[in-house]
Structures are given as C-alpha cells and as structure tokens.
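S.K.: Next input, structure requested:
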Amino acid sequence: MFVDRVRIVARAGNGGPGACSFLREKNMPDGGPDGGNGGRGGSVVVVVDPHVNNLIRYRYSPHQFAKNGANGGKKQMSGKSGADILVTVPPGTVISRIPDELIQTAAVNDLTPMPSTTESLERVADMVESGQRFVLCAGGRGGRGNMNFKSSTNQAPRRYEEGEEGERGQFQLELKSIADAGLVGYPNAGKSTLLSRLSAAHPKIAPYPFTTLEPMIGVIEYPDFQRVTVADIPGLIEGAHEGVGLGHEFLRHIERCRVLLFVVDMSGQEGRDPRDDFAQLRKEVSLYQKELGERPYLILANKMDLPESAENLKKFKRKVRRDVVPIAGDRDEDIANLKAVLRQQLLETTPA
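M.R.: Numbers count the residues shown, from 1 in each chain. Have a look, this model is predicted:
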C-alpha cells in the first residue's frame with residue numbers, strides 16, 4: 001500500500017522536576033542543599049531518510065510520543081534526559097500544523113488526513129534533502145534542584161522547580177514526490193510502459209485504463225553515470241484540478257518536477273482526438289497550479305507504431321506548432337532519442 005498523506009499526534013517529553021535534597025553524611029550531618037536538576041524531555045524529530053518511499057508507517061502508528069526527563073537526584077545528580085523519538089520520512093515530505101480549532105471540531109480520536117487544499121493548515125517544514133532534520137516538538141527543560149537557590153541569605157532553600165511541559169500538537173505529513181521529470185497523460189496513454197523502458201522501474205502494465213493507482217519513480221542511468229528521475233502518476237481525467245478522480249492526490253506529485261512530459265496517445269484508439277487530449281491536459285495542470293502550467297515541457301507522441309498515428313501526428317503538429325518527440329515503446333531508437341532529448345531539456349532548465 002502506498003500512503004502519501006497522514007495525520008499524526010506528536011508530543012515531546014516533559015522536563016523532569018528538580019530535587020529538593022540536603023547532604024547528610026557521617027561527618028556532615030548538617031550539609032547544604034544538594035538537589036540536582038531534572039533531565040530535559042525528549043524531542044520529536046523528523047528526519048529525511050532516502051530509503052523510505054511513503055508514509056504507511058504512520059497510518060498505523062500515528063501517535064509519536066517522546067520520553068519524559070528523569071527526576072533530579074541527591075548529591076547534585078542531574079536526571080537523565082528523555083530519549084528523542086525520530087520520525088523518518090521520504091524526501092519531499094511537507095509538514096503542516098493542524099490548528100487547534102480544527103482539532104476541537106473533529107470527532108474524538110479522528111485522525112483522518114485533511115484535504116491538501118485546506119487553507120488553514122500552517123506549513124512548518126519542507127523536508128527535501130537527505131538527512132535533513134527538523135525538531136517538530138521540542139522537549140521541556142528540566143526543573144532546577146534546590147542547590148540552585150542557595151544564597152548568602154538563604155542557606156537551606158527548599159525551593160525547586162517542576163520541569164517544563166514538552167511541546168505537542170497534531171500535524172499533517174504530505175508527500176510530494178521529488179523527480180526531475182513527470183509523466184502526465186490520460187489513462188491508458190502508455191505512461192507506465194514508457195517508464196519501464198526508460199528505467200529499471202517495474203510498474204503494473206495492462207491494456208485497460210487506471211492500471212496505475214499510485215505514483216512511481218524511475219531512474220534513468222546514462223553512460224557517463226548521470227542519473228535522471230522520472231515520476232509516473234496515475235492518468236488524469238477532466239476536472240482533475242478540482243479533485244475529480246483523485247486529481248489532487250496525483251497532481252501534487254509533479255509539483256517539484258523541473259520538466260513535464262505530456263504523453264499523448266497519437267493513435268486515437270480510445271476514441272479521443274490527440275489534439276483535444278493535449279489541450280485538456282495543459283488546462284488541468286494550469287488550473288491546478290499556475291506555476292506548474294508555466295513549467296517547461298515536452299510533448300511525447302506515443303504509440304507511433306500503430307497505423308493511425310502517422311496521420312494524426314501531422315494534424316497534431318499543425319495545431320500545436322511545437323516540437324514533438326515521436327515514440328513507440330518497443331523501438332529502442334525512440335527510447336534512446338527520448339533520453340537524449342530529456343537530458344538536454346534538463347540541462348537548459350533551472351531547478352523548480
């Protein structure tokens with residue numbers, strides 16, 4: 001199961017209370033205050049792990065609670081700090097805080113993720129780089145023991161401090177895949193077949209629409225060891241920018257792509273005009289996010305090995321008046337050409 005949006009409850013540990021103690025030993029029956037400080041509470045820390053590819057772990061373990069700090073001890077001994085708890089996430093995870101008013105209006109123990117379009121969510125971190133760390137909830141400071149309150153006028157203080165409470169809250173973790181290029185197209189346009197030929201990825205391939213139900217990342221390896229990542233998202237349908245057909249769930253995975261690859265079925269065997277398909281795909285992407293609609297793109301005229309494709313390609317070029325990359329998944333020369341064209345496009349494109 002691929003899970004790319006979850007809601008978690010995070011709670012840092014409380015600081016341990018300081019001790020109220022006086023030194024009492026054989027030769028020091030009336031020693032001074034020696035109460036130590038409490039330990040600091042553990043923090044909830046988010047860490048980017050490149051070996052993690054989704055958030056399924058937190059679907060079933062949404063409560064992330066760090067340990068409290070230990071109490072201060074006698075003989076000026078400080079309490080042990082609580083252990084931090086690490087929340088490992090894949091690169092591209094966006095963390096948002098859920099406001100208290102939304103939590104209070106929800107049913108008790110309801111941890112259903114909120115729509116990504118919820119405007120009241122407060123973004124607190126964007127976890128992109130491998131190894132990046134972010135303290136989601138800081139542990140409370142430990143309380144001071146009574147040894148800290150000794151003075152010339154108060155030689156035997158009984159004052160000590162309780163530890164501070166750790167931070168807590170509810171947060172939404174949302175994965176937006178990181179890839180250099182993103183495949184965009186209608187269902188059954190051949191995106192998965194294309195990804196399997198370009199890279200070592202093994203997406204499910206079948207002759208019916210909506211075979212792909214979750215995003216997949218493939219890596220293109222070049223002879224000079226350069227690597228290009230390509231994201232394949234499930235097919236879009238009309239109204240995807242409004243969430244139709246889980247449009248928002250899929251489109252957010254291409255937000256970070258530097259180049260979009262519009263895969264158009266040039267054969268028209270699904271009963272659609274390739275020119276209308278391309279126009280609608282551009283429209284859906286632009287309506288979803290204006291900046292995404294302005295992103296550099298390539299047009300891949302797919303299924304050129306079918307008899308109707310050649311004539312449709314001529315009509316298509318007359319309308320779009322833009323360079324088109326003709327391709328057939330079973331022709332090695334087409335795949336090699338696409339790899340070269342994509343690499344050149346990425347060299348000319350600044351990171352998103």
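S.K.: For the rest of this, base every contact and every neighbour count on C-alpha atoms.
M.R.: Fine.
S.K.: show me what contacts residue 15?
M.R.: Taking CA atoms under 8 Å, 6 or more residues apart in numbering as the criterion, residue 15 is in contact with 38-41, 68-70, 81, 139-143, 162-166.
S.K.: how about 10 Å then?
M.R.: Contact partners of residue 15, counting by CA atoms under 10 Å, 6 or more residues apart in numbering, are 37-42, 67-71, 79-82, 139-143, 162-166.
S.K.: next one: residue 198
M.R.: Residue 198 touches 192, 218-221, 229-230, 329, 332, 335-336, 338-339, counting by CA under 10 Å, 6+ apart.
S.K.: switch to 7 Å and redo it
M.R.: Taking CA atoms under 7 Å, 6 or more residues apart in numbering, we find residue 198 in contact with 220, 335.
S.K.: Could you measure from the nearest residue to residue 88 once chain neighbours are set aside over to residue 60?
M.R.: Leaving aside its chain neighbours, residue 88 sits nearest to residue 47 (4.9 Å; criterion: CA to CA, 6 or more residues apart in numbering). Separation of residue 47 from residue 60 (CA to CA, to the nearest Å) stands at 19 Å.
S.K.: So between the two, which is more surrounded?
M.R.: Using other CA atoms under 10 Å, the more surrounded residue of residue 47 and residue 60 is residue 47, with 20 against 10.
S.K.: Quick check: which element contains that one?
M.R.: strand 44-48 (DSSP states H and E).
S.K.: Against which helices or strands is that strand packed?
M.R.: Applying 3 or more CA pairs under 7 Å, 6 or more residues apart in numbering; DSSP states H and E, one finds that strand 44-48 contacts strand 85-89, strand 133-137.
S.K.: The first one pairs with which strands?
M.R.: For strand 85-89, the paired strands and their directions (DSSP bridges) read strand 44-48 (parallel).
S.K.: Out of the helices and strands packed on strand 44-48, indicate the one that is most buried.
M.R.: Neighbour counts (mean count of other CA atoms under 10 Å) averaged over each of the helices and strands packed on strand 44-48 peak at strand 85-89, with a mean of 21.
S.K.: next SSE after that one?
M.R.: Later in the chain than strand 85-89, the nearest helix or strand by DSSP H and E is strand 93-97.
S.K.: Alpha carbons only: can I get that following strand in PDB?
M.R.: The C-alpha trace of strand 93-97 is given here as PDB (Å, rounded to 0.1, in the frame of the first residue of the first chain):
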ATOM      1  CA  THR A  93       7.600  15.500   2.700                       C
ATOM      2  CA  VAL A  94       5.700  18.700   3.600                       C
ATOM      3  CA  ILE A  95       4.800  19.100   7.300                       C
ATOM      4  CA  SER A  96       1.800  21.300   8.300                       C
ATOM      5  CA  ARG A  97       0.400  22.100  11.700                       C
END
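S.K.: Run through the neighbouring helices and strands of that strand.
M.R.: By 3+ CA pairs under 7 Å, 6+ apart, strand 93-97 packs against strand 122-127, strand 168-175.
S.K.: got the ones you listed as CSV, with mean neighbour count columns?
M.R.: Formatted as CSV, the helices and strands packed on strand 93-97 follow (neighbours: other CA atoms under 10 Å):
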stretch, mean neighbour count
strand 122-127, 16
strand 168-175, 22
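S.K.: Now render those strands as JSON lines, adding mean pLDDT.
M.R.: What follows is the helices and strands packed on strand 93-97, written out as JSON lines (pLDDT from 0 to 100):
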{"stretch": "strand 122-127", "mean pLDDT": "92"}
{"stretch": "strand 168-175", "mean pLDDT": "93"}
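S.K.: got JSON lines for the ones you listed, with distance to residue 304 too?
M.R.: Shown next, in JSON lines, are those (distance: least, CA to CA, whole Å):
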{"stretch": "strand 122-127", "distance to residue 304": "40"}
{"stretch": "strand 168-175", "distance to residue 304": "34"}
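S.K.: Could you point out the helix or strand that follows the helix or strand of the chain with the lowest mean pLDDT?
M.R.: Least confident helix or strand, the chain: helix 247-251 with a mean of 60, by mean pLDDT, DSSP states H and E. Downstream of helix 247-251, the next assigned helix or strand under DSSP H and E is strand 259-265.
S.K.: what pairs with the residue nearest to the spatial centre of the chain across the strands?
M.R.: Closest residue to the average C-alpha location of the chain: residue 93 at 1.8 Å, with CA atoms, centre = their mean. On the basis of DSSP bridges, residue 93 is bridged to residue 127, residue 175.
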